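Chemist: after the sequence you'll find the predicted model.
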Amino acid sequence: MSTAANEPILSLEGLGKSYGAKRVLDGIDLNVYKGQIIGYIGPNGAGKSTTVKIMLGLEQSYSGRVKIFGRDISDGNVEYKQRIGYVPEIAELYDNLTAHEYLTFIGELYGLDFDVANQKAIRLMKIFGLEEAYHSRISSFSKGMKQKTLIISSLLHNPDLLFLDEPIGGLDANSVMVFKEVLAQLAAQGKTIFYSSHIMDVVEKISNRIILLNGGQIVADGSFEDLQAHNQEGTLEEIFNQLTGFDEHKGLAEEFVSIVQES
Ligand SMILES: Nc1ncnc2c1ncn2[C@@H]1O[C@H](COP(=O)(O)OP(=O)(O)OP(=O)(O)O)[C@@H](O)[C@H]1O
(Lines give C-alpha, C1' and ligand atoms only; values in the text may rest on other atoms or scores of the structure.)
Protein backbone atom coordinates (compact mmCIF):
# COMPACT_ATOMS: atom_id res chain seq x y z
CA MET A 1 0.00 0.00 0.00
CA SER A 2 2.31 2.73 -1.18
CA THR A 3 1.44 6.24 -2.27
CA ALA A 4 2.86 7.73 -5.47
CA ALA A 5 5.08 10.74 -4.93
CA ASN A 6 2.61 13.30 -6.20
CA GLU A 7 -0.49 11.64 -4.78
CA PRO A 8 -1.97 13.13 -1.60
CA ILE A 9 -1.31 11.21 1.62
CA LEU A 10 -4.67 12.39 2.78
CA SER A 11 -7.59 13.62 0.79
CA LEU A 12 -11.00 14.87 1.86
CA GLU A 13 -13.66 15.45 -0.77
CA GLY A 14 -16.85 17.26 0.18
CA LEU A 15 -16.62 15.96 3.73
CA GLY A 16 -19.83 16.61 5.64
CA LYS A 17 -21.01 15.62 9.07
CA SER A 18 -24.07 16.44 11.16
CA TYR A 19 -24.93 15.59 14.73
CA GLY A 20 -28.72 15.65 14.77
CA ALA A 21 -29.79 18.93 13.24
CA LYS A 22 -26.36 20.48 13.80
CA ARG A 23 -24.18 20.70 10.69
CA VAL A 24 -20.65 20.34 12.07
CA LEU A 25 -18.67 19.86 8.84
CA ASP A 26 -20.07 21.44 5.72
CA GLY A 27 -18.09 20.39 2.66
CA ILE A 28 -14.39 20.11 3.47
CA ASP A 29 -12.08 19.67 0.48
CA LEU A 30 -8.48 19.09 1.33
CA ASN A 31 -5.40 17.41 -0.12
CA VAL A 32 -2.42 16.92 2.17
CA TYR A 33 0.96 15.87 0.76
CA LYS A 34 3.97 14.00 2.07
CA GLY A 35 6.17 16.02 4.41
CA GLN A 36 3.58 18.68 5.19
CA ILE A 37 2.98 19.86 8.74
CA ILE A 38 -0.62 21.01 8.74
CA GLY A 39 -1.61 23.39 11.52
CA TYR A 40 -5.31 22.65 11.87
CA ILE A 41 -6.93 25.49 13.78
CA GLY A 42 -10.36 26.92 14.48
CA PRO A 43 -12.60 28.17 17.29
CA ASN A 44 -13.96 25.80 19.96
CA GLY A 45 -16.59 23.59 18.38
CA ALA A 46 -15.46 24.32 14.80
CA GLY A 47 -15.21 20.61 13.97
CA LYS A 48 -11.47 19.91 14.22
CA SER A 49 -11.71 16.84 16.44
CA THR A 50 -14.65 15.59 14.40
CA THR A 51 -12.54 15.71 11.22
CA VAL A 52 -9.71 13.84 12.93
CA LYS A 53 -12.11 11.23 14.35
CA ILE A 54 -13.50 10.60 10.86
CA MET A 55 -9.99 10.21 9.42
CA LEU A 56 -9.09 7.74 12.16
CA GLY A 57 -12.13 5.68 11.24
CA LEU A 58 -13.77 6.28 14.62
CA GLU A 59 -16.76 8.07 13.16
CA GLN A 60 -18.39 6.21 10.30
CA SER A 61 -21.44 8.24 9.41
CA TYR A 62 -20.37 11.13 7.20
CA SER A 63 -20.92 12.31 3.65
CA GLY A 64 -18.20 12.81 1.06
CA ARG A 65 -15.00 10.85 0.61
CA VAL A 66 -11.92 10.30 2.77
CA LYS A 67 -8.82 8.76 1.23
CA ILE A 68 -5.69 7.96 3.22
CA PHE A 69 -2.55 6.63 1.52
CA GLY A 70 -4.59 6.63 -1.69
CA ARG A 71 -7.41 4.37 -0.46
CA ASP A 72 -10.96 5.16 0.52
CA ILE A 73 -11.13 4.43 4.25
CA SER A 74 -14.73 3.25 3.96
CA ASP A 75 -13.64 0.20 1.94
CA GLY A 76 -13.40 -1.90 5.10
CA ASN A 77 -9.62 -2.28 4.99
CA VAL A 78 -8.15 -0.95 8.24
CA GLU A 79 -4.53 -1.65 7.32
CA TYR A 80 -3.93 2.09 6.95
CA LYS A 81 -4.20 2.46 10.73
CA GLN A 82 -0.91 0.61 11.14
CA ARG A 83 0.82 3.58 9.52
CA ILE A 84 -0.89 6.21 11.65
CA GLY A 85 0.11 7.68 15.01
CA TYR A 86 -2.34 9.55 17.20
CA VAL A 87 -2.05 11.77 20.25
CA PRO A 88 -5.58 12.50 21.45
CA GLU A 89 -6.57 15.71 23.19
CA ILE A 90 -7.59 13.96 26.36
CA ALA A 91 -4.99 11.44 27.38
CA GLU A 92 -6.62 8.13 28.07
CA LEU A 93 -3.78 6.11 29.45
CA TYR A 94 -4.02 2.88 31.33
CA ASP A 95 -3.29 4.39 34.72
CA ASN A 96 -2.68 1.10 36.46
CA LEU A 97 0.05 0.07 34.06
CA THR A 98 3.64 1.17 34.30
CA ALA A 99 5.04 3.14 31.35
CA HIS A 100 7.04 0.02 30.47
CA GLU A 101 3.90 -2.13 30.39
CA TYR A 102 1.87 0.44 28.48
CA LEU A 103 4.48 1.23 25.83
CA THR A 104 5.44 -2.39 25.14
CA PHE A 105 1.74 -3.25 24.93
CA ILE A 106 1.12 -0.46 22.38
CA GLY A 107 4.30 -1.40 20.49
CA GLU A 108 3.16 -5.01 20.20
CA LEU A 109 -0.32 -3.89 19.08
CA TYR A 110 1.43 -2.13 16.20
CA GLY A 111 3.35 -5.28 15.36
CA LEU A 112 6.73 -4.59 16.98
CA ASP A 113 8.62 -7.32 18.82
CA PHE A 114 8.50 -6.91 22.59
CA ASP A 115 12.26 -6.33 22.83
CA VAL A 116 12.30 -3.78 20.02
CA ALA A 117 9.37 -1.88 21.58
CA ASN A 118 11.00 -2.05 25.01
CA GLN A 119 14.39 -0.80 23.84
CA LYS A 120 12.86 2.03 21.77
CA ALA A 121 10.61 3.02 24.66
CA ILE A 122 13.50 3.11 27.16
CA ARG A 123 15.62 5.26 24.87
CA LEU A 124 12.79 7.65 24.01
CA MET A 125 11.77 7.98 27.67
CA LYS A 126 15.39 8.80 28.50
CA ILE A 127 15.45 11.64 25.97
CA PHE A 128 12.37 13.11 27.63
CA GLY A 129 14.02 12.76 31.06
CA LEU A 130 11.70 9.98 32.18
CA GLU A 131 14.04 7.02 32.44
CA GLU A 132 13.57 6.70 36.18
CA ALA A 133 9.79 6.64 35.83
CA TYR A 134 9.77 3.84 33.27
CA HIS A 135 8.74 1.19 35.78
CA SER A 136 6.37 3.44 37.75
CA ARG A 137 2.63 3.37 37.38
CA ILE A 138 1.24 6.00 35.02
CA SER A 139 -1.25 7.02 37.75
CA SER A 140 1.69 8.57 39.63
CA PHE A 141 2.80 10.67 36.63
CA SER A 142 2.40 14.44 36.32
CA LYS A 143 0.34 15.83 33.41
CA GLY A 144 3.47 16.51 31.34
CA MET A 145 4.90 13.05 32.04
CA LYS A 146 1.66 11.46 30.85
CA GLN A 147 1.71 13.62 27.73
CA LYS A 148 5.29 12.63 26.95
CA THR A 149 4.40 8.95 27.38
CA LEU A 150 1.50 9.42 24.99
CA ILE A 151 3.73 11.14 22.43
CA ILE A 152 6.19 8.24 22.63
CA SER A 153 3.38 5.69 22.26
CA SER A 154 2.17 7.43 19.08
CA LEU A 155 5.62 7.25 17.48
CA LEU A 156 7.01 3.85 18.54
CA HIS A 157 5.98 2.21 15.25
CA ASN A 158 7.45 5.00 13.10
CA PRO A 159 4.13 6.05 11.51
CA ASP A 160 3.92 7.84 8.16
CA LEU A 161 1.00 10.01 9.21
CA LEU A 162 0.68 11.58 12.63
CA PHE A 163 -2.42 13.18 14.13
CA LEU A 164 -1.72 15.42 17.08
CA ASP A 165 -4.54 17.00 19.04
CA GLU A 166 -3.19 19.65 21.45
CA PRO A 167 -0.09 17.52 22.05
CA ILE A 168 2.05 19.88 24.13
CA GLY A 169 -0.34 20.71 26.99
CA GLY A 170 1.64 20.10 30.16
CA LEU A 171 5.05 19.97 28.45
CA ASP A 172 7.66 22.33 29.88
CA ALA A 173 9.38 24.86 27.62
CA ASN A 174 12.50 22.71 27.15
CA SER A 175 10.49 19.65 26.18
CA VAL A 176 8.41 21.75 23.77
CA MET A 177 11.63 22.79 22.03
CA VAL A 178 12.71 19.18 21.64
CA PHE A 179 9.27 18.12 20.42
CA LYS A 180 9.01 20.95 17.86
CA GLU A 181 12.40 19.94 16.48
CA VAL A 182 11.34 16.28 16.37
CA LEU A 183 8.28 17.24 14.29
CA ALA A 184 10.37 19.33 11.90
CA GLN A 185 12.85 16.47 11.42
CA LEU A 186 10.10 13.86 10.95
CA ALA A 187 8.48 16.06 8.29
CA ALA A 188 11.86 16.59 6.60
CA GLN A 189 12.10 12.80 6.35
CA GLY A 190 8.75 12.61 4.61
CA LYS A 191 6.33 12.06 7.48
CA THR A 192 3.06 13.94 7.32
CA ILE A 193 1.75 15.68 10.41
CA PHE A 194 -1.70 16.97 11.18
CA TYR A 195 -1.34 19.29 14.16
CA SER A 196 -4.42 20.63 15.89
CA SER A 197 -3.94 23.22 18.61
CA HIS A 198 -5.09 26.50 20.09
CA ILE A 199 -1.55 27.62 20.90
CA MET A 200 -1.19 30.00 17.98
CA ASP A 201 2.45 30.96 18.34
CA VAL A 202 3.50 27.30 18.23
CA VAL A 203 1.25 26.55 15.25
CA GLU A 204 2.67 29.62 13.50
CA LYS A 205 6.22 28.37 14.01
CA ILE A 206 5.95 24.67 13.28
CA SER A 207 3.39 24.45 10.45
CA ASN A 208 4.30 24.82 6.82
CA ARG A 209 0.62 24.98 5.98
CA ILE A 210 -2.17 26.37 8.13
CA ILE A 211 -5.81 25.45 7.71
CA LEU A 212 -8.41 27.50 9.52
CA LEU A 213 -11.80 25.90 10.04
CA ASN A 214 -14.78 28.05 10.94
CA GLY A 215 -18.44 27.13 10.87
CA GLY A 216 -17.62 23.72 9.39
CA GLN A 217 -15.76 25.17 6.41
CA ILE A 218 -12.17 25.93 5.51
CA VAL A 219 -11.82 29.72 5.58
CA ALA A 220 -8.05 29.94 5.12
CA ASP A 221 -5.44 27.58 3.71
CA GLY A 222 -1.80 28.46 3.16
CA SER A 223 1.57 29.03 4.74
CA PHE A 224 1.76 31.59 7.52
CA GLU A 225 3.35 33.98 5.01
CA ASP A 226 0.42 33.42 2.58
CA LEU A 227 -2.06 34.14 5.35
CA GLN A 228 -0.16 37.29 6.31
CA ALA A 229 -0.13 38.45 2.70
CA HIS A 230 -3.93 38.06 2.44
CA ASN A 231 -4.78 39.67 5.75
CA GLN A 232 -3.83 42.98 7.27
CA GLU A 233 -3.05 41.53 10.66
CA GLY A 234 0.39 40.39 11.84
CA THR A 235 0.46 37.37 14.14
CA LEU A 236 -1.46 34.16 13.59
CA GLU A 237 -3.51 34.98 16.68
CA GLU A 238 -4.55 38.29 15.10
CA ILE A 239 -5.29 36.65 11.74
CA PHE A 240 -7.38 34.06 13.61
CA ASN A 241 -9.35 36.83 15.36
CA GLN A 242 -9.89 38.64 12.10
CA LEU A 243 -10.97 35.63 10.03
CA THR A 244 -13.34 34.37 12.69
CA GLY A 245 -14.82 37.86 13.00
CA PHE A 246 -13.82 38.34 16.62
CA ASP A 247 -12.98 41.82 17.89
CA GLU A 248 -14.71 42.01 21.23
CA HIS A 249 -12.25 40.53 23.72
CA LYS A 250 -11.97 43.76 25.72
CA GLY A 251 -15.73 44.23 26.07
CA LEU A 252 -16.30 40.60 27.03
CA ALA A 253 -13.48 40.71 29.57
CA GLU A 254 -14.83 43.94 31.12
CA GLU A 255 -18.29 42.42 31.45
CA PHE A 256 -16.81 39.23 32.95
CA VAL A 257 -14.78 41.13 35.53
CA SER A 258 -17.69 43.40 36.46
CA ILE A 259 -19.88 40.33 37.15
CA VAL A 260 -17.10 38.78 39.25
CA GLN A 261 -16.93 42.00 41.28
CA GLU A 262 -20.66 42.29 41.93
CA SER A 263 -21.49 41.99 45.61
N1 LIG B 1 -20.59 12.79 19.65
C2 LIG B 1 -21.16 13.98 19.47
N3 LIG B 1 -22.50 14.13 19.57
C4 LIG B 1 -23.08 15.33 19.37
N5 LIG B 1 -22.42 16.44 19.04
C6 LIG B 1 -21.09 16.36 18.91
C7 LIG B 1 -20.38 15.13 19.12
N8 LIG B 1 -19.06 15.35 18.92
C9 LIG B 1 -18.94 16.65 18.61
N10 LIG B 1 -20.14 17.26 18.60
C11 LIG B 1 -20.41 18.67 18.29
O12 LIG B 1 -19.75 18.97 17.08
C13 LIG B 1 -19.19 20.28 17.13
C14 LIG B 1 -17.74 20.20 16.76
O15 LIG B 1 -17.02 19.54 17.79
P16 LIG B 1 -15.46 19.24 17.70
O17 LIG B 1 -15.10 18.49 18.94
O18 LIG B 1 -15.14 18.62 16.40
O19 LIG B 1 -14.88 20.70 17.72
P20 LIG B 1 -13.37 21.21 17.84
O21 LIG B 1 -13.13 22.12 16.70
O22 LIG B 1 -12.45 20.05 17.99
O23 LIG B 1 -13.47 22.04 19.19
P24 LIG B 1 -12.39 22.33 20.37
O25 LIG B 1 -11.47 23.37 19.83
O26 LIG B 1 -13.24 22.88 21.46
O27 LIG B 1 -11.72 21.03 20.73
C28 LIG B 1 -19.50 20.82 18.53
O29 LIG B 1 -20.63 21.65 18.43
C30 LIG B 1 -19.81 19.60 19.33
O31 LIG B 1 -20.76 19.89 20.33
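Modeler: Everything's here; your move. For clarity, every value in this text was computed on a predicted model and none was experimentally measured.
Chemist: roughly how far apart are the most centrally placed residue in the chain and His100?
Modeler: With distances taken as CA atoms, centre = their mean, Leu164 lies nearest the centre of the chain, 2.0 Å away. Taking CB to CB, to the nearest Å as the measure, Leu164 falls 24 Å from His100. Every residue, glycine included, has its C-beta placed from N, CA and C.
Chemist: on that earlier part again, what pairs with the helix or strand containing the residue nearest to the centre of the chain, and is each one parallel or antiparallel?
Modeler: Assigned by DSSP states H and E, Leu164 belongs to strand 161-165. Here strand 161-165 has these sheet partners by DSSP bridges: strand 84-87 (parallel), strand 192-196 (parallel).
Chemist: does the ligand sit close to it?
Modeler: No - contact of strand 161-165 with the ligand (CB under 6 Å from any ligand atom) is absent, the minimum separation being 7.7 Å.
Chemist: which residues does that strand contact?
Modeler: Applying CB atoms under 8 Å, 6 or more residues apart in numbering, the contact partners of strand 161-165 are 9-10, 48-49, 52, 55-56, 68-69, 83-89, 154-155, 186, 191-197.
Chemist: give me the subset of the residues you listed touching the ligand.
Modeler: Restricting the contacts of strand 161-165 to contacts with the ligand (CB under 6 Å from any ligand atom) yields Lys48, Ser49.
Chemist: what does the stretch 1-150 of the chain put close to the ligand?
Modeler: Contacts of the stretch 1-150 of the chain with the ligand, taken as CB under 6 Å from any ligand atom, map to Tyr19, Val24, Gly42, Asn44, Gly45, Ala46, Gly47, Lys48, Ser49, Thr50.
Chemist: buried ones among the contacts of strand 161-165?
Modeler: When neighbours are counted using 16 or more other CB atoms under 10 Å, those contain these buried positions: 9-10, 48-49, 52, 55-56, 68-69, 83-88, 154-155, 186, 191-197.
Chemist: low-scoring stretches of the stretch 101-250 of the chain, by residue?
Modeler: Across the stretch 101-250 of the chain, residues meeting the criterion (pLDDT under 70) sit at 233.
Chemist: that one: helices as residue ranges?
Modeler: 114-127, 143-155, 173-188, 200-206, 224-230, 236-243, 249-260 (DSSP state H, counting those that start in this stretch).
Chemist: looking at these, which is closest to Gly64?
Modeler: Gly64 sits nearest to helix 236-243 of all the helices of the stretch 101-250 of the chain, at 23.2 Å, using CB to CB.
Chemist: quick check: the residue nearest to Asp72 when sequence neighbours are not counted vs Gly215, distance?
Modeler: Leaving aside its sequence neighbours, Asp72 sits nearest to Arg65 (CB to CB, 6 or more residues apart in numbering; 6.2 Å). Computed as CB to CB, the Arg65 to Gly215 distance reads 21 Å.
Chemist: now Ser223
Modeler: The gap separating Ser223 from Gly215 is 23 Å, by CB to CB.
Chemist: higher neighbour count, these two?
Modeler: Each of Ser223 and Gly215 has its neighbours counted (other CB atoms under 10 Å); Gly215 has more, 16 against 13.
Chemist: hmm, that one is touching Ala46, no?
Modeler: Yes - using CB atoms under 8 Å, Gly215 is in contact with Ala46, at 7.2 Å.
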